[in-house]
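**Q** Here you go, sequence then predicted model.
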Amino acid sequence: MLFTDSIFLLRFLPIVVGLFFLALAVTPRNWRARGWRFSLGNAVLAVGSSLFVACGSGPFIRWIIAAAFLNYLVALAIDRARQVDDDRVGALPEALLTLAVTGNVVLLGAFKYAMPLPVVFNERSFAVPQLLAPFGLTFLACHAISYVADVSRGHMPAQGSPIRAALYLLFFPLLCAGPLVRYRDMGPQLATRRATMAAFAYGVRRWLVGFCKVVLLARNLAGPADAVFRSSAGDLGLLEAWLGTFCFALQIYFQLSGYADMAIGFARMFGIRVVENFRWPYGADTVTEFWRRWNLTLVGWIRTYIGVSHEASEAGMWVRVREIFVVFLVVGFWHGPGWNVVVWGMLHGGFVAFEQLVLGARLDRWPALARRLYCVFVVLLLWVLFRAESVDGAVVVWRAMFSLANPVEPTSLLMTPIEWAALVIGSVAAVPFWPGSGRWLVTVDALTTSILILTSTSIIFVWRQFANTLLFLTGRRR
C-alpha cells in the first residue's frame with residue numbers, strides 16, 4: 001500500500017485522519033492539563049502505522065514489530081543505566097548501544113542484502129523499488145539507530161510509553177521514501193505539538209503537490225526510461241539513450257521528492273513537523289552542491305550518527321578522502337542492494353573528492369552555465385549506472401550515449417504526447433526558475449484554510465438544520 005493507491009487514499013487515510021481528530025475531541029480536559037492531550041491521538045496513529053506496515057511488509061511484519069519492541073526496551077535500559085551513578089555500570093550504556101546498532105544493521109543486511117527476497121511492489125513505476133523490500137525496514141533501522149543513539153548521548157530521554165516509541169519508529173508517512181527523522185527532532189513533538197486548521201491546510205497543499213509529482217510526472221516519465229533501459233545494444237541510438245536517461249533523472253527526482261512532499265504533508269496534518277529532503281538538486285552547479293540538495297536527511301543522518309561528512313574541512317587530505325568515500329559508501333548501501341548502486345555511490349564520492357581536492361577554487365571561476373552543465377552531465381551519466389540492472393547494462397547505454405554503438409534510426413523510443421508534456425513540464429519544474437514562488441504559497445495555504453473552514457461550517461449547519469427538521473416532523477421538538 002503506497003500513498004497513491006486508491007485503498008490508501010479512499011479508505012486508510014480518511015479513517016485514520018477522522019479517528020485522530022475524534023480522539024483529540026474526546027480527550028478529557030484533565031488529560032490536556034497534564035500534557036496528555038495527544039495520548040489517544042498517538043494511539044490511533046500507532047495502530048494505523050502498524051496496519052500500514054503490515055499491509056506492505058506481509059510476513060515480515062513480525063520481524064519489524066519485534067525489532068521496534070526490542071529497540072524500545074534497549075533504549076529504556078540505556079536511559080536507566082545512564083541515571084545510575086555507579087562505576088560498575090558505566091560501560092553498560094555503551095555496550096547496549098553497540099548491541100542495538102549491530103542488531104539493526106544485521107537485520108537490515110540479512111533481509112535486504114543476504115536473502116533473495118521478493119519485492120512486494122515489484123514494478124519500475126517506483127524509481128527505487130529496492131527501498132520497499134521489505135517494506136519500511138530501511139527507515140525503521142535508521143530511526144531505531146537514531147533513537148538509541150540520542151538516548152545514549154543524553155540528547156533525549158527514552159520514551160516510557162510504548163505507544164510513543166512505536167509512533168516514532170513506525171510513523172507511516174515516513175516509511176515509503178522518507179524523509180529520515182532524528183529522534184532528537186521528533187521526540188518532543190510526540191507529546192506536545194499544534195494540530196491546527198492552518199497546519200492541516202498546509203499538509204493538504206503539500207500532499208497535493210507531491211501527489212501531482214508522482215502521478216502526473218514520475219509515472220509518465222517511467223515509460224520512456226524503461227524502454228531505453230530494456231533496449232539491447234543493437235536497438236539503442238544516441239538520441240534514445242540521452243532522452244531515456246534524462247527521463248529517468250526526472251522520474252527519480254519527482255518520485256522521491258513527491259513522496260517526501262506527501263510525507264511532510266501527512267505529518268503536518270497530525271501536527272508533526274518534518275524537515276525538507278530535497279532543495280532543487282538539479283539547480284546545483286557542482287556535484288558537491290548537488291549532495292547539499294539531494295536527500296538531505298540521509299546525508300545529515302550519516303553526519304550525525306556515523307560522524308563523517310562530504311563537506312570540505314580543515315582535516316588532512318587523506319582524512320577528507322576517507323570521510324567522503326565512507327559517506328558515499330553508506331549512501332550506496334542505503335539505496336541498494338545491487339553492486340551497481342554501490343559503485344554509483346562511490347563514483348559520486350570520487351567526483352566530490354576531485355572537486356574539493358583538485359579543482360578547488362578553479363571550479364568557482366568557471367561561468368555559471370558551464371558549472372551547471374558539468375554537474376548535470378556527471379549526474380546524468382551516473383544515473384545510468386544506478387538505473388541499469390548491472391554494470392554491463394550501464395555500459396550498453398553509455399556506448400549509445402557517445403555513439404560508440406552501431407548507429408540506428410531513432411524509432412525504438414516512441415513517446416506519447418502526455419509523456420512529452422510530462423518531460424517539458426518536469427524540466428521546468430525541476431529547477432527554481434521563480435524564486436519568489438514561496439510568497440504565493442502562503443496565499444494558497446490561507447485560501448485552503450478558508451475553504452476548509454467554510455466547508456466544515458456549512459456541513460455542520462446543514463446537519464443541524466436537518467436534525468431540527470427531523471425532530472419537528474417527528475413531533476419530538478417542543
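**A** All right, it came through fine. Values in this document were obtained by computation on a predicted structure and should not be read as measured data.

**Q** what sits against residue 397?
**A** Taking Cβ atoms under 8 Å, 6 or more residues apart in numbering, we find residue 397 in contact with 228, 229, 236, 241, 244, 245, 384, 388. In this view, the C-beta of every residue, glycine as well, is placed from N, C-alpha and C.

**Q** Tell me the pLDDT of it.
**A** Per-residue pLDDT puts residue 397 at 89.

**Q** gap between it and residue 332?
**A** As for residue 397, its distance to residue 332 is 19 Å (criterion: Cβ to Cβ, to the nearest Å).

**Q** next one: residue 151
**A** 29 Å.

**Q** Specify which residue of these two has the higher count of neighbours.
**A** More crowded of residue 151 and residue 332, by other Cβ atoms under 10 Å: residue 151, with 28 against 23.

**Q** Skip the chain neighbours and tell me the closest residue to residue 134.
**A** In space, and not counting its chain neighbours, residue 134 is closest to residue 60: 4.1 Å by Cβ to Cβ, 6 or more residues apart in numbering.

**Q** and stretch 272-284, what's its mean pLDDT?
**A** Stretch 272-284 comes out at a mean pLDDT of 92.

**Q** So which residue is smack in the middle of this structure?
**A** residue 178 (2.0 Å; Cα atoms, centre = their mean).

**Q** Now the phi/psi pair for that one, please.
**A** Main-chain torsions, residue 178, degrees, to the nearest 10: phi 90, psi -170.

**Q** That one against residue 299, yeah?
**A** No: the pair residue 178 / residue 299 is not scored as a contact, 11.7 Å apart, by Cβ atoms under 8 Å.

**Q** Distance check, residue 276 against residue 142.
**A** Residue 276 is 17 Å from residue 142, by Cβ to Cβ.

**Q** So between these two, which is more surrounded?
**A** Between residue 276 and residue 142, counted using other Cβ under 10 Å, the more crowded position is residue 142 (23 against 13).

**Q** which residues touch that one?
**A** Going by Cβ under 8 Å, 6+ apart, the list of residues near residue 142 reads 180, 301.

**Q** Pull up the gap between it and residue 423, please.
**A** 33 Å.

**Q** Likewise for residue 396?
**A** For residue 396, the distance to residue 423 equals 22 Å [Cβ to Cβ].

**Q** can you check residue 152 too?
**A** 48 Å.

**Q** Compare those two and say which one has the larger neighbour count.
**A** residue 152 (22 against 19).

**Q** Relative to residue 105, how far out is the residue nearest to residue 134?
**A** 17 Å.

**Q** For those two, indicate the residue with more neighbours.
**A** residue 60 (19 against 13).

**Q** Let me know the distance separating the more buried one from residue 148.
**A** Distance of residue 60 to residue 148, given as Cβ to Cβ: 21 Å.

**Q** Equivalent analysis for residue 3, please.
**A** 28 Å.

**Q** do residue 459 as well
**A** Counting by Cβ to Cβ - residue 459 and residue 148 are separated by 46 Å.

**Q** Who has more neighbours out of these two?
**A** Neighbours were tallied for residue 459 and for residue 148 using other Cβ under 10 Å; the higher tally belongs to residue 148 (28 against 10).

**Q** any idea which element the residue nearest to the more buried one when sequence neighbours are not counted lies in?
**A** Nearest non-adjacent residue to residue 148, counting by Cβ to Cβ, 6+ apart: residue 100, 4.3 Å away. In the assignment (DSSP states H and E), residue 100 maps to helix 92-109.

**Q** Can you tell me how far the residue nearest to residue 280 when sequence neighbours are not counted is from residue 279?
**A** Of all residues not flanking residue 280 in the chain, residue 432 sits nearest, at 4.6 Å (Cβ to Cβ, 6+ apart). Residue 432 sits 9 Å away from residue 279, going by Cβ to Cβ.

**Q** same deal with residue 210?
**A** 15 Å.

**Q** dump the residue contacts of residue 389.
**A** Per Cβ under 8 Å, 6+ apart, neighbours of residue 389: 229, 340.

**Q** any idea which helix or strand carries it?
**A** Using DSSP H and E, residue 389 maps to neither a helix nor a strand.

**Q** Export only the CA atoms of stretch 288-303, formatted as CSV.
**A** Written as CSV, here are the backbone C-alpha positions of stretch 288-303 (Å, rounded to 0.1, in the frame of the first residue of the first chain):
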residue,chain,number,x,y,z
THR,A,288,29.2,18.6,-4.0
GLU,A,289,26.4,21.2,-4.2
PHE,A,290,24.1,18.5,-5.6
TRP,A,291,24.5,16.5,-2.4
ARG,A,292,23.7,19.5,-0.4
ARG,A,293,20.3,19.5,-2.0
TRP,A,294,19.6,15.8,-2.7
ASN,A,295,18.3,13.5,0.1
LEU,A,296,19.3,16.0,2.8
THR,A,297,18.1,13.9,5.7
LEU,A,298,20.1,10.9,4.7
VAL,A,299,23.4,12.9,4.4
GLY,A,300,22.5,14.6,7.7
TRP,A,301,21.8,11.3,9.4
ILE,A,302,25.3,10.0,8.2
ARG,A,303,26.9,13.1,9.6
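
**Q** Now do it: distance to the chain's middle.
**A** Counting by Cα atoms, centre = their mean, to the nearest Å, stretch 288-303 is centred 12 Å from the centre of its parent chain.

**Q** can you give me the helices for the stretch 251-400 of the chain?
**A** Taking DSSP state H, counting those that start in this stretch as the test, the helices found in the stretch 251-400 of the chain are 287-290, 296-305, 317-335, 339-354, 368-387, 391-401.
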